[in-house]
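Engineer: What shape does this take:
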Amino acid sequence: MKSIRRQMALSIGMAAAILLIGGGAGLHLTLRKTLTGQFDNALVTKAQALVIASEVDDGEFEIDLDIQAFAGFGSSSPGDYFEVYNGEGLPLKRSPSLGDSDLPLPRQLATAASGFTNIVLPDGVPGRAYWETFTPSDDLEDQFRETRILVASDTSQLRKTLRTVALVILSFGGGAILTSLAVLYLVVGSALKPIDRLRADVQRIDVHRLSQGLVVVDLPVELQGVAAKLNELLARLEVSFSRERRFTSDAAHELRTPLAELRAMTELGAKWPDEFTAEHGREMLEVLAELESLLETLSLLAKADSEVSPHLEAVELEVGVRESLARLGDDIAGRGLQIELDLSPGSITTDPVLWRAIIANLLGNAVTYAPGGSTLRISASPRVFAVENEAPDLDPGDLDRLFERFWRKSSSRTEKGHSGLGLSVVRAAVTFLGGECSASLDGAWLRVEVRWPGTTV
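Structural biologist: Here you go, the predicted structure:
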């Protein structure tokens, strides 16, 4: 299982390890270069001292013995050697530390005037050599022209020093890496405690007490936005759960009445079949039609609440409105309502089923609750569809609840054919189609308006 604490500690530890290893390697290379440079400078100094001490006496090449000893080439210094060669490469002089042995000649000795090289000394240990070409100052006859001197010293102590330095760097670096990993793990763990606390708080959330939410104040700034968003989502879930519980209860109540009527009529027909008349059959059909309408409405709400994409096609505005008015013609005539139409030509791209449900429910709601003999104002354009009717019983405080499922101004739920879902269906369908639905009161006039970004054709 992935752990942020472990991953951060390892990542930072690896970065620190890379920096420490790189720094240690850089330090070792710098010390190696410095110590090797000092070693080489010492070789050059010894060689130049011997060059200065060289002379030609009666045609013989000589080097002052005191200078040899001062430069460190006495018989008691086996780690330091020198050898002098003439222009033909024949030895002229060698240090007492060499005895009868010769230093191995570098390949570049005959071609380069001076230089450094690594060699193996006569005693089998590694060494470093320096050579340069010179002519003794008192060689008047140029007898010893192009004379070369080769100076070498044992590098065992230098190598030992560099190994010791490398060991110290490795030991210190390894200890520092291990220590940093432990410290980083503790530091990261301390820094991530707010996340652990937030995780524990989230795990303690109970579906029945979503309103408790998370404590935001004590969290770091980086987590406050997350906690605030979670609280917002929890609040919305609480509202949604509350609405669904109320919807379930209301739906059960709405279904209970027509089912009870059907049961009573069915029992009547079964117990006294001779008394079961055609009127009873018509009443049963009306109840069944009411149940069918309620179930169809609930189905529309379920479709609007789903995440399935709507089926879009071009729909004529005027045709849909006039068809809905025709279906409501008997109710409109029976209540003596007047209709004022303001229909713009054109069409919109929308879901035909939901569009018909929007028109039918808006017009049906207005026809049902408008005072008898009043006027309905209906306007439709490719952007706005609105229905206005007089609503003397409503006040501004009712507008927030107007679109709630099963809400009706009257506390009575005995009105046949009206479940209180009409405007809920309208808002759910409009929202599903990407539009907006709102209600407003202008005096005694209620205006329910639908706005959508449908593509005009």
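Engineer: low pLDDT regions in the chain?
Structural biologist: Scanning the chain for pLDDT under 70 picks out 1-5, 65-78, 139-141, 207-212, 243-258, 261, 287, 289-310, 405-422, 453-457.
Engineer: where along it do the strands fall?
Structural biologist: Along the chain, counting by DSSP state E, strands occupy 54-57, 60-63, 80-85, 91-94, 114-120, 126-134, 147-154, 313-316, 338-343, 347-350, 375-380, 384-390, 436-442, 445-451.
Engineer: Make CSV from these and add distance to Leu198 and mean neighbour count to it.
Structural biologist: Using the backbone N, CA and C atoms, a C-beta is placed for each residue, glycine as well. Output for the strands of the chain, formatted as CSV (distance: least, Cβ to Cβ, whole Å; neighbours: other Cβ atoms under 10 Å):
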stretch, distance to Leu198, mean neighbour count
strand 54-57, 84, 16
strand 60-63, 84, 16
strand 80-85, 72, 24
strand 91-94, 82, 17
strand 114-120, 63, 14
strand 126-134, 63, 21
strand 147-154, 67, 24
strand 313-316, 48, 14
strand 338-343, 56, 12
strand 347-350, 44, 20
strand 375-380, 51, 18
strand 384-390, 46, 21
strand 436-442, 36, 14
strand 445-451, 40, 19
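Engineer: what about the spatially closest residue to Leu214 that is not a sequence neighbour, how many neighbours?
Structural biologist: Nearest residue to Leu214, sequence neighbours excluded (Cβ to Cβ, 6 or more residues apart in numbering): Ala227, at 4.6 Å. Ala227 has 20 neighbours, counted by other Cβ atoms under 10 Å.
Engineer: Contact partners for Ala227?
Structural biologist: Ala227 makes contact with 198, 214-216, 219, according to Cβ atoms under 8 Å, 6 or more residues apart in numbering.
Engineer: Between those residues, which sits nearest Val367?
Structural biologist: Lowest distance from Val367 to those (Cβ to Cβ) belongs to Leu214, with 48.3 Å.
Engineer: Around that closest one, how many other residues sit close by?
Structural biologist: Neighbours around Leu214, by other Cβ under 10 Å: 19.
Engineer: heads up, I number from 496, so please use that
Structural biologist: Okay, residue one is now 496; in that scheme the one you just asked about reads as Leu709.
Engineer: thought it was touching Asp696?
Structural biologist: Yes: here Leu709 reaches Asp696: they are 5.1 Å apart, a contact under Cβ atoms under 8 Å.
Engineer: follow-up on the earlier one: can you flag the buried ones in the contacts of Ala722?
Structural biologist: Among the contacts of Ala722, the ones that count as buried by 16 or more other Cβ atoms under 10 Å are 693, 709, 714.
Engineer: mind giving me TSV with these and columns for distance to Leu823?
Structural biologist: What follows is the buried ones among the contacts of Ala722, written out as TSV (distance: Cβ to Cβ, whole Å):
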residue	distance to Leu823
Leu693	56
Leu709	50
Leu714	57
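Engineer: Cross these against helices and list the overlap.
Structural biologist: Leu693 (DSSP state H).
Engineer: Of the buried ones among the contacts of Ala722, which is the nearest to Tyr864?
Structural biologist: Leu709 (43.5 Å).
Engineer: Got the phi and psi for that closest one?
Structural biologist: Dihedral pair for Leu709: phi -110, psi 150, per degrees, to the nearest 10.
Engineer: related to what we said a few turns ago, would you reformat the contacts of Ala722 as TSV and include distance to His523?
Structural biologist: Shown next, in TSV, are those (distance: Cβ to Cβ, whole Å):
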residue	distance to His523
Leu693	46
Leu709	53
Val710	53
Val711	52
Leu714	46
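Engineer: now, among those, which is nearest to Val920?
Structural biologist: Nearest member of those to Val920, counting by Cβ to Cβ, is Leu709, at 35.3 Å.
Engineer: Include distance to Phe771 when you put the strands of the chain into JSON lines, please.
Structural biologist: Listed next are the strands of the chain as JSON lines, based on distance: least, Cβ to Cβ, whole Å:
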{"stretch": "strand 549-552", "distance to Phe771": "145"}
{"stretch": "strand 555-558", "distance to Phe771": "146"}
{"stretch": "strand 575-580", "distance to Phe771": "134"}
{"stretch": "strand 586-589", "distance to Phe771": "142"}
{"stretch": "strand 609-615", "distance to Phe771": "122"}
{"stretch": "strand 621-629", "distance to Phe771": "122"}
{"stretch": "strand 642-649", "distance to Phe771": "128"}
{"stretch": "strand 808-811", "distance to Phe771": "45"}
{"stretch": "strand 833-838", "distance to Phe771": "41"}
{"stretch": "strand 842-845", "distance to Phe771": "46"}
{"stretch": "strand 870-875", "distance to Phe771": "41"}
{"stretch": "strand 879-885", "distance to Phe771": "41"}
{"stretch": "strand 931-937", "distance to Phe771": "45"}
{"stretch": "strand 940-946", "distance to Phe771": "43"}
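Engineer: rewinding a little: I'd like to know which of the buried ones among the contacts of Ala722 is nearest to Pro891.
Structural biologist: Leu709 (35.1 Å).
Engineer: quick one: contacts for Leu662?
Structural biologist: Contacts of Leu662 by Cβ under 8 Å, 6+ apart: none found.
Engineer: Equivalent analysis for the one 10 residues further on, please.
Structural biologist: Taking Cβ under 8 Å, 6+ apart as the definition of contact, the neighbours of Ile672 are 508, 511-512, 515.
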